[in-house]
Every structure is written in structure tokens, then in C-alpha cells.
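> next input, structure requested:
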Amino acid sequence: MPIAIRPAMPDDQATIVRIVRAARINPMSLHWSRFFVAEEAGDIIGTVQIKLHRDGVYELASLAVVPSRQGAGIGAMLVRSIQARTTAPLYLTCADRMEGFYQRFGFRRVEPRALPATLGRIYVIGNILLGIFRQGVRLLVMRCDED
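Have a look, this model is predicted:
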């Protein structure tokens with residue numbers, strides 16, 4: 001079956017929340033209107049959103065693929081879809097173990113002192129929470145300047 005990447009619709013909200021929560025990634029700010037979904041045979045199998053922060057920073061967020069379809073290139077399709085729809089620069093926050101995945105798409109680590117204000121706050125708060133709930137995991141911020 002072909003996989004289609006499409007803008008999310010209101011009826012997709014519950015599925016988006018379920019997929020993101022199952023992936024154990026940030027469950028906040030999950031409004032369907034910012035999402036794109038990967039759909040196969042009528043089922044949503046992946047999610048990604050683009051957030052526009054108050055300071056004009058675009059953030060790729062909530063990239064998640066259902067476990068049974070991971071490793072099939074769906075996450076890559078979703079990242080490329082957002083990159084094609086967004087002007088550079090594009091930021092993201094992720095667990096340090098995901099750095100290699102995002103480097104394939106031109107993302108590079110940004111040092112904390114060089115972060116835009118919005119992402120600086122997310123970086124600090126995220127690392128505090130990860131230190132409490134998921135010890136051994138560090139949050140990092142990456143940026144892609146390529147179109």
C-alpha cells in the first residue's frame with residue numbers, strides 16, 4: 001500500500017495524541033491543525049508537527065511512527081515533508097540518541113548559548129524533567145538551514 005503524507009484533520013486529533021503518547025515524547029501542544037500524518041490504507045501510522053513559536057522560530061516536533069511500521073522510512077518521509085513546506089531555519093529538540101537520525105537531513109546540534117529564547121527555555125526545562133523521569137537521557141536542540 002502506498003503511504004500518503006497529508007495535513008491532519010480534526011478527526012485525527014485522538015489518533016495523534018495516542019501515537020505521540022505511546023512514543024513517550026512531549027505530550028503537550030498537540031493540536032491537529034499543526035500536524036501532518038502518514039496514512040496507509042486509511043490508518044494513521046505516523047505524525048509530525050510544525051510549531052511556530054512567538055519569537056518566529058519554526059520547530060519540527062512530535063515525530064512518531066507506530067511501532068509496527070518503524071524502520072520502514074516513514075519518519076524520514078515525514079521529516080522531508082516538513083522540510084519541503086518550511087523555510088529555513090528549522091529547529092527541533094530531541095533525545096541525544098536521535099542525533100544521528102536527524103543529521104541525515106542536514107540538522108546540526110546547536111550549543112545552548114546560541115539558542116533562540118523559546119528553545120533555550122525548552123532546553124533547560126526539558127533537561128530538568130529528563131533528569132527526573134528518564135535518567136541517562138539528554139535533550140539537545142538541532143537546526144537545519146537547508147531548504
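> spell out, range by range, the helices that occur in this structure.
All helices of the chain, identified by DSSP state H, fall at 13-22, 74-85, 99-103, 117-133.
> and those helices: which comes nearest Arg6?
Closest of those to Arg6 is helix 74-85, at 9.2 Å (criterion: Cβ to Cβ). Backbone N, C-alpha and C define where each C-beta goes, glycine included.
> give me the neighbour count for the nearest residue to Lys51 once chain neighbours are set aside.
Leaving aside its sequence neighbours, Lys51 sits nearest to Glu59 (Cβ to Cβ, 6 or more residues apart in numbering; 4.4 Å). Glu59: 24 surrounding residues under other Cβ atoms under 10 Å.
> just list whatever residues bridge to Glu59.
Beta bridges link Glu59 to Lys51, Tyr91, judged by DSSP bridges.
> wait, what's in contact with it?
For Glu59, the contacting residues are Ile50, Lys51, Leu52, His53, Leu90, Tyr91, Leu92, Thr93, Leu119, by Cβ atoms under 8 Å, 6 or more residues apart in numbering.
> could those residues go into TSV alongside distance to Ala14?
As requested, the contacts of Glu59 are exported to TSV (distance: Cβ to Cβ, whole Å):
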residue	distance to Ala14
Ile50	20
Lys51	20
Leu52	24
His53	25
Leu90	27
Tyr91	28
Leu92	24
Thr93	24
Leu119	28
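> can you say which of these are buried?
Buried members of the contacts of Glu59, counted by 16 or more other Cβ atoms under 10 Å: Ile50, Lys51, Leu90, Tyr91, Leu92, Thr93, Leu119.
> just the buried residues of the lowest-mean-pLDDT helix or strand in the chain, please?
Of all helical and strand segments in the chain, the minimum by mean pLDDT, DSSP states H and E falls on helix 117-133, at a mean of 78. The neighbour-count check on helix 117-133 (16+ other Cβ under 10 Å) flags Thr118, Leu119, Gly120, Ile122, Tyr123, Gly126, Asn127, Leu130 as buried.
> which non-adjacent residue is nearest the fourth one?
If the residues on either side of it in the chain are set aside, Ile122 comes closest to Thr93, at 5.8 Å by Cβ to Cβ, 6+ apart.
> no further queries at this time; thank you.
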